[in-house]
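Novice: Attaching a predicted model along with its sequence, questions to come.
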Amino acid sequence: MSNIDKIIEKMQSQPHGIRPDEADKVLRSCGYRPVRQKGSHRQYLNITTGELITIKQENPLKKVYITDILKRITK
């Protein structure tokens, strides 16, 4: 099991304890790239689909951001 798969499994079982760097690794591995950061919000763009996702960079991330990430990467 790769490191990314372990983080995704952790996101599914424990969505309240995810750090921003873990979410960044998962998003990058799924084709998202950071395109803009303004204040505490970072935007990621999926190069192939054009989807844009905004994540507030706080530790730990709120559950709403984790569920949004999981919904987008498990289509």
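Specialist: Sure, I can see it.
Novice: quick one: residue 21 from residue 49, how far?
Specialist: 23 Å (Cβ to Cβ, to the nearest Å). In short, each C-beta sits where N, CA and C put it, glycine included.
Novice: And residue 42, by the same measure?
Specialist: Counting by Cβ to Cβ, the gap from residue 42 to residue 49 is 18 Å.
Novice: neighbour count winner among the two?
Specialist: Using other Cβ atoms under 10 Å as the criterion, residue 42 and residue 49 rank with residue 42 on top: 19 against 11.
Novice: Am I right that that one is in contact with residue 33?
Specialist: No - using Cβ atoms under 8 Å, residue 42 makes no contact with residue 33, being 10.9 Å away.
Novice: show me where this structure has helices.
Specialist: 3-13, 20-29, 63-73 (DSSP state H).
Novice: quick one: the last one to helix 3-13, angle?
Specialist: Yep, that's helix 63-73 we're talking about. On the basis of axes from the mean of the first three to the mean of the last three Cα atoms, to 10 degrees, helix 63-73 is oriented at 130 degrees to helix 3-13.
Novice: could you say what helices and strands helix 63-73 packs with?
Specialist: helix 3-13, helix 20-29, strand 52-56 (3 or more Cβ pairs under 8 Å, 6 or more residues apart in numbering; DSSP states H and E).
Novice: can you pull the buried residues of the second one?
Specialist: When you say that, I think you mean helix 20-29. 20, 22, 23, 24, 26, 27 (16 or more other Cβ atoms under 10 Å).
Novice: so who does the fifth one touch?
Specialist: So the one you mean is residue 26. 4, 7, 8, 11, 69, 73 (Cβ atoms under 8 Å, 6 or more residues apart in numbering).
Novice: residues in contact with the last one?
Specialist: Contacts for residue 73 (Cβ under 8 Å, 6+ apart) come out as 8, 26, 27, 30.
Novice: Now the two most distant members of those.
Specialist: In the contacts of residue 73, two members sit farther apart than any others by Cβ to Cβ. They are 8 and 27, at 11.0 Å.
Novice: Cross-check the contact I'm expecting between residue 35 and residue 44.
Specialist: Yes - Residue 35 lies in contact with residue 44 (Cβ under 8 Å); the separation is 6.9 Å.
Novice: Check the contact lists of those two and give me the overlap.
Specialist: Contacts common to residue 35 and residue 44, judged by Cβ under 8 Å, 6+ apart, are residue 52.
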